[in-house]
Every structure is written in structure tokens, then in C-alpha cells.
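Asker: quick one: sequence plus predicted model below, questions after.
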Amino acid sequence: MKYSNITEKISLVKNNKISLKENVKYFLSRIDERKNLNAFNFVFADEALHQAEIIEKKIKSGEHGKLAGAVIAIKDVLSYKDHPLTCSSKILSNFIAVYTATAIQKLIDEDAIIIGKTNCDEFAMGSSNENSAFGAVLNPIDESRVPGGSSGGSAVAVAADMCDASLGTDTGGSIRQPAAFCGIFGLKPSYGRVSRFGLTAFASSFDTIGPFAKNVDDIALILNVISGRDDRDSTSVDSESIDYPIIKRQDKKFIIGFPKEYFGDGLDKEIKEKIWSVIEVLKQNDFEVKEISLPMTEYNIATYYILTTAEASSNLARYDGARYGYRSRNSSTLEEMYVNSRSEGFGSEVKRRIMLGTYVLSSGYYDAYYRKAQKVRRLIKEDFDKAFSQVDLIITPTTPSVAFKLGEKSNDPLQMYLSDIYTTSANLAGIPGLNIPIGNNQNGLPIGMQVLAKQFDENKIFQFADILNLAG
Ligand code: GLN
């Protein structure tokens, strides 16, 4: 369907140029045609078509919300009342949500249409979307490759034109990395910008909810809608609002930093070259671009995996088969029922994280691992504070490689964890990061660039992305 963003679609519907119902039918047919990609766990076809009729009328009468008729898919870790919530795990295979996440409610209040729930790595743990009880998701550009993870289904739903936009979650890169692998925009907002109420907790001090879209206008519009203080998430804040439409500031020349630690060994040559060519364009357009240093970078991955597994081991203690979710039937004692339900209900990556987390929190190891990692997290944040006293924005590659082959890293967790090498820092520091697609490699696989800003400085990221777009 031909429109360049959600706002334009609303005006086309208003002027009878397109029918919202036909538009929803189109997306449903795309979902069906590319079923083999396995992007969706659940599709709400009848509801979506019904909503299309209601919202079309609202648009015609001029009484509609900012996202009227926007067709949006949501990651299956977000709670949507009376709909399944599985987290792509066997342990929640029969669970129906009893309330709606604040972010989803805000979409609905602005007349978005929720088309379904997308596949992801189990409990959002993974970088390839291969750890799912619903099976792996395939990359639409090359089906022998992964789409990235953990929000792989949400990225594919947008990249393969099955919806206008989607929501994912990002704890260590799960929005930005799949956005990079699929060639679309994906934003991890600042920690605190979007309420986490209704997001199934993985690592609560890292978890964020954010949008995927094909253009930065839609990213900014959706963030504008879902952000804000919510009494049901004590870490959410009413920060400076999101400019939407994005204020076009062509005269504004941001100072851009590129951290030398993000361009060293292990970075794919073509990705490096592509980022350099963007830096050249920036220089030609009179931006000041300078090398900076984030000396704590080498500790990102270790710090991230100690702290997030610790938080996960605590957050996932609630799945015991007693009150909801999967319960093992062949146990004779309560203790056995807990053990069997968890052993049969969780997949191997989730079990690995629970064991790692329990270990780093155990008495005797707590000081050596958990407490130490907390201190390092502070130092990582201070690196960024220092950097942002010299520059407005930081650009880096989003990923060290392009989308890898299915199965390539499944037996090597360390290799898998290293695909988050450039993304975990933003979650450790609480700052926002956007993946911008900047072209393809020789084999046609997408390459992404990450733009980072100070906490709550998303507006600068959007303005920059907009300028970059104009500069071509
Ligand atoms: N891939 C990272 C992990 O496995 C990030 C996951 C995420 O952001 N949810 O932890």
C-alpha cells in the first residue's frame, strides 16, 4: 500500500483514497503469504477487521486519535487483556492475560489496530529468535538467516510488510539488533520514558519497550503516544515531551562522536566502511565529527550478563506451576511439582540464565560478581556522562556482523552473547539508541548504524535521523 507514514495514511483514509478495511486485509494477506517466516504467535484477524470499520468512521468524522488505523503488532511478552501471553515459552503456553500493558492501552486509546502478537526468544532471552517454543523466525531478506532477537517477530512483521509498525522490548539490544538485521528503524527509548507495566519482567533495571517502523516519523509518533509517567511503574517519569512532527533543524549542527572502542577487531569490514561513508557525508554537511573514547567498553558484555541473569533468576522465580501456566502432571509431592514444571516448562537458554543468575547472587559469590558488576555499571554510565559533555550524539555500528545463518551460533552461547557487544551499553547506562538502516552489504544484507544520546534526549536522535535522511 502506498503511503509514506501513518499520518499520511490517516489523511488518505479521510479523503477516501484508501479503505482501512482493505488496508487491514492487505496486511492479513501478507501475514498469510509469508507464514513460513513464523513472525506471529497469534493473529487477531476478526478483531482487526472489526476495529478497521469503527476507526474508519472515526477518521471520516474527524474524531480520531493520533494513531487512527495504524496497524500495529506487539511482542508476545506484552500483556493484552483477554489475549494469550506466552513469552514464547511452554511454561506460559495456556496463559491468558488479565490486564493490558500501559503502552498497549495508550496505542488503543489513540485508535491503533492491534493485529497480533509476535514471536520472540523465550522470555526475550536471545539474539537470534531461535529460542522460541513456537520455533525460529526467519529473516525475510534471506530465509536461511536469523532475523535477530529477541524481538525477531516484531522486526520481521514490519520488514515483510505485515503491519505499519510494531512494539518490541530491549533489555540488551533486542530492538536495535533485529532492526539492523532486517533493515528497518528500531528505537530503544531511555529507561523510564515508557511505562513497563504489563511487560513481562526479564531484567527490570534494563527492560524497555520501544517501536519498530520503516521511517523515523512513525518511530517518533509512536514514542510520543506510549511515553509518560505511569503510577503503576515507579521508575517511569514525565520527561521532556517528544517533538512530533519532528522539528526539522537543518541549521542545527550537532557534534557527533564515534567511540574508537566500537571500531576495533571483530567488526565486519563492510559495516565499518559503510559507517565511515556516513561519517564522510556528515563532514561534507559541516557536522563536527570527532573520535571519542569509552574506556569501559570491554566490560559491557560481562557486566550485562552478570546483572541481567541475576535479575532474571529472581523475576522468573514466580513460574512454578502453582497458580498459573504450565504444570507438570506426573509429580507426587509439591516440591517435585515445582521442579518438574520448571524443568519441563523452560527452554535451555532460560535455564542457563537462571543458573548463572542464582550463582552470581549466592552468598560467597555475591561480592565478587553481583556487587562488583553494579560498581562497573556505574563506571560505564560515567563514561557516557563524560562523552556527552563533549558531543551531542554518538554513532556506532549496531552489530558486529550482518544477519548470521540459522543454527550458526546456537551451540555457542558466548558467540551469541557477543552479537550484543555494541548494544548492551545503552541499557547499562539507561540511554536511548536508534538503529538507522544505512544500506546493504554485497550480498544484499542490511547494515545498521546505532545513534545514542543522553538520557531523555530522543528528540536529538530524531532530528539527526531526519537530517541524515535529507542528506541522503
Ligand atoms: N540478546 C540479549 C540477551 O540475550 C538481549 C536481549 C534483550 O534485549 N531482550 O540478553
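Answerer: Okay, I see it. Numbering: from 1, shown residues only.

Asker: correct me, but residue 260 touches residue 293?
Answerer: Yes: in this structure, residue 260 is within contact of residue 293 by Cβ atoms under 8 Å, at 5.9 Å. C-beta coordinates here come from the backbone N, C-alpha and C atoms, glycine included.

Asker: tell me the buried residues in stretch 80-94?
Answerer: Residues 80, 83, 85, 86, 87, 88, 89, 90, 91, 92 are the ones in stretch 80-94 that count as buried (16 or more other Cβ atoms under 10 Å).

Asker: so what's the residue positioned nearest the centre of the chain up against?
Answerer: Nearest to the mean C-alpha position of the chain, counting by Cα atoms, centre = their mean, stands residue 175 at 2.3 Å. Residues in contact with residue 175 (Cβ atoms under 8 Å, 6 or more residues apart in numbering) are 151, 154, 155, 168, 169, 186, 187, 188, 208, 210, 212, 435.

Asker: and the ligand, which of those reach it?
Answerer: Restricting those to those touching the ligand (Cβ under 6 Å from any ligand atom) yields residue 169.

Asker: of the contacts of residue 175, which belong to helices?
Answerer: Among the contacts of residue 175, the members falling in helices (DSSP state H) are 154, 155.

Asker: quick revisit: residue 384: which of the buried residues of stretch 80-94 is nearest?
Answerer: Nearest to residue 384 out of the buried residues of stretch 80-94 is residue 87 (Cβ to Cβ; 30.3 Å).

Asker: and the closest one, which helix or strand is it part of?
Answerer: Using DSSP states H and E, residue 87 maps to neither a helix nor a strand.

Asker: and it, what's its pLDDT?
Answerer: Note on residue 87: pLDDT of 98.

Asker: residue 104 versus that one, what's the distance?
Answerer: Distance, residue 87 to residue 104, using Cβ to Cβ, to the nearest Å: 15 Å.

Asker: same question, residue 9
Answerer: 20 Å.

Asker: now the strands for the chain?
Answerer: 40-43, 71-75, 113-118, 165-170, 185-188, 208-213, 255-259, 288-292, 393-397, 433-440, 446-453 (DSSP state E).

Asker: any idea which of the ones you listed gets closest to residue 235?
Answerer: strand 208-213 (10.4 Å).

Asker: let's see the closest one as CSV, backbone CA atoms only.
Answerer: Written as CSV, here are the backbone C-alpha positions of strand 208-213 (Å, rounded to 0.1, in the frame of the first residue of the first chain):
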residue,chain,number,x,y,z
THR,A,208,12.4,-1.1,27.9
ILE,A,209,9.5,-1.1,25.4
GLY,A,210,10.0,0.6,22.0
PRO,A,211,8.8,0.8,18.4
PHE,A,212,9.9,-0.7,15.1
ALA,A,213,8.9,1.1,11.9
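
Asker: show me which residues of the stretch 51-200 of the chain sit near the ligand.
Answerer: Residues of the stretch 51-200 of the chain found near the ligand, taking Cβ under 6 Å from any ligand atom as the criterion, are 124, 125, 126, 127, 150, 169, 170, 171, 172, 173, 174.

Asker: turn those residues into JSON lines, including neighbour count.
Answerer: Shown next, in JSON lines, are those (neighbours: other Cβ atoms under 10 Å):
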{"residue": "124", "neighbour count": "29"}
{"residue": "125", "neighbour count": "28"}
{"residue": "126", "neighbour count": "28"}
{"residue": "127", "neighbour count": "29"}
{"residue": "150", "neighbour count": "35"}
{"residue": "169", "neighbour count": "27"}
{"residue": "170", "neighbour count": "28"}
{"residue": "171", "neighbour count": "28"}
{"residue": "172", "neighbour count": "29"}
{"residue": "173", "neighbour count": "32"}
{"residue": "174", "neighbour count": "36"}
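
Asker: tell me the one among the residues you listed nearest to residue 244.
Answerer: Nearest to residue 244 among these, with distances taken as Cβ to Cβ, is residue 170, at 20.5 Å.
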